[in-house]
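Q: Here you go, sequence then predicted model.
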Amino acid sequence: MKIQCNQCQTQYRIDESKIPERGAHVICKKCNEKIIIPSQIKNLKNKTDSLSRIENVLERIAVSLETIVNTINDHHNENDSELAGQISQPEPEKDSKIQINTDQRNEMIIHYLEKKSIQIRRLPEAQASDELINSFALYLGDNYDAIEKLYRTIKRTMQKGESFKLHIANEPQKSISAMCQFAYRLYQSAFLADYKYLKSPQFLITARSSSLPNVQNFFSGQWLERYILQKMIEVVDNFFNKHATHLKWSYLINPQIILPNEDDFELDILFEVEKHIYWVEAKTGDYQSYIDKYTKMSKILGVDNQHAFMVLTSIDENLCDSLSSMFSMNVCSLNSFMESFDHVLSQDIQNQH
């Protein structure tokens, strides 16, 4: 065991077996400073705690991997929807609500872009964890008002992987339940490095954000894109239930494109239904600096303000109509997007027939 004098930095090597359990001290031969040797019980406890924390992390990683493997096995014989922009829907059953021509459908979006002299540089590849991420996105989006306080805290502390305490005693019971459930699910999948909830009278969430790149990407905005895409598919599905009309659809998510002037750009979602193109950009933070850029992009894409959507998590509902009238986009809140998209889609299908 090595020890070092705090005064002159001289190092010594001693036999650990000779150190009593309560600890000891020696005198530095060079400067006569006292060197404290800590208790072996304390050292053993620290080592045990470290091993316990490592074991805990490994256990949660194992749970995450098991979840991913189960997801893959459950869908092994199906053609899942790939949220990376490549359309691959399950084979329609006899009573299938939506008819999909998988390989040819997203070619329509690509052909549409080519007519605008826009090339696709890259499409993100599908990942084994997509199903898990989609489920997180759906829960967060459907319960956003209840979870927002927790979400904002995680987003603020995730870059450095900081620990945080969140007092939720004054929150409604629905919010407390939703935040605790979401935090526990994140912890199980290592999206939170630590998590503990102290019940009444504390009503306190203590946790540590993960600084892993894929986790930061999720909370920075990926979740909102995934959520919106699932909701657009839900709107198309509901359209069939209401009108008994089969619709063919496809999408690209996060395609990196090359514009006619050779500038690079990444779109959030391009969604196509019966050859009608819908462009969606989603923002979880400040949107003001993007308005001008998106206005120019809508002209390049040839998408009018009814078919170009900007979905914002933090926007006053009363501002949506004002912003929509000022800019070439259909500005929506998280709560109003489905209704807006359904309205435009219904008009397109009715006019088509």
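A: Sure, I can see it. Residues are numbered from 1 along each chain as shown.

Q: From Glu225, how far off is the residue nearest to Asn330 when sequence neighbours are not counted?
A: The shortest distance from Asn330 to any non-neighbouring residue, by Cβ to Cβ, 6 or more residues apart in numbering, is to Phe309 (4.8 Å). To be clear about C-beta, it is placed using only N, CA and C from the backbone, and glycine gets the same treatment. From Phe309 across to Glu225, the span is 12 Å (Cβ to Cβ, to the nearest Å).

Q: Neighbour count: those two, which is higher?
A: Taking neighbours as other Cβ atoms under 10 Å, Phe309 and Glu225 compare with Phe309 leading, 26 against 21.

Q: could you dump stretch 239-255 to PDB, C-alpha only?
A: Output of stretch 239-255 as PDB, limited to C-alpha atoms (Å, rounded to 0.1, in the frame of the first residue of the first chain):
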ATOM      1  CA  PHE A 239     -59.100   8.300 -40.500                       C
ATOM      2  CA  PHE A 240     -59.800   4.800 -41.700                       C
ATOM      3  CA  ASN A 241     -61.900   4.000 -38.600                       C
ATOM      4  CA  LYS A 242     -64.000   7.100 -39.300                       C
ATOM      5  CA  HIS A 243     -64.300   6.900 -43.100                       C
ATOM      6  CA  ALA A 244     -63.500   3.300 -43.900                       C
ATOM      7  CA  THR A 245     -61.100   4.500 -46.500                       C
ATOM      8  CA  HIS A 246     -57.800   2.800 -47.000                       C
ATOM      9  CA  LEU A 247     -54.900   5.200 -47.200                       C
ATOM     10  CA  LYS A 248     -51.400   4.500 -48.500                       C
ATOM     11  CA  TRP A 249     -48.600   6.400 -46.600                       C
ATOM     12  CA  SER A 250     -44.900   6.600 -46.000                       C
ATOM     13  CA  TYR A 251     -42.400   8.800 -44.200                       C
ATOM     14  CA  LEU A 252     -38.700   9.800 -43.800                       C
ATOM     15  CA  ILE A 253     -37.400  10.800 -40.400                       C
ATOM     16  CA  ASN A 254     -34.300  12.900 -40.000                       C
ATOM     17  CA  PRO A 255     -33.200  12.700 -43.600                       C
END
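
Q: quick revisit: for the residue nearest to Asn330, list the residues it contacts.
A: By Cβ atoms under 8 Å, 6 or more residues apart in numbering, Phe309 lies in contact with 278-281, 329-332, 337, 340-341.

Q: So which of these sit within helices?
A: 337, 340-341 (DSSP state H).

Q: Save the residues you listed as a markdown table, and put in pLDDT and neighbour count too.
A: Output for these, formatted as a markdown table (pLDDT from 0 to 100; neighbours: other Cβ atoms under 10 Å):
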| residue | pLDDT | neighbour count |
| --- | --- | --- |
| Phe337 | 95 | 25 |
| Ser340 | 95 | 19 |
| Phe341 | 97 | 25 |
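
Q: what about stretch 172-189, average pLDDT?
A: Here stretch 172-189 scores 96 as its mean pLDDT.

Q: let me redo that: stretch 245-257
A: On average, stretch 245-257 scores 92.

Q: Span of that stretch from start to end?
A: For stretch 245-257, the first-to-last residue distance is 33 Å (Cα to Cα, to the nearest Å).

Q: For that stretch, buried residues please.
A: The neighbour-count check on stretch 245-257 (16 or more other Cβ atoms under 10 Å) flags 247-255, 257 as buried.

Q: cool, stretch 29-36 as well?
A: Under 16+ other Cβ under 10 Å, the buried positions of stretch 29-36 are Ile35.

Q: Break the chain into its domains for me.
A: With domains defined by automatic domain parsing, the chain comprises 2-38, 102-126+221-352.

Q: Can you flag the weakest of those domains by average pLDDT?
A: Between the domains of the chain, the one with the least mean pLDDT is domain 2-38; it has a mean of 77.
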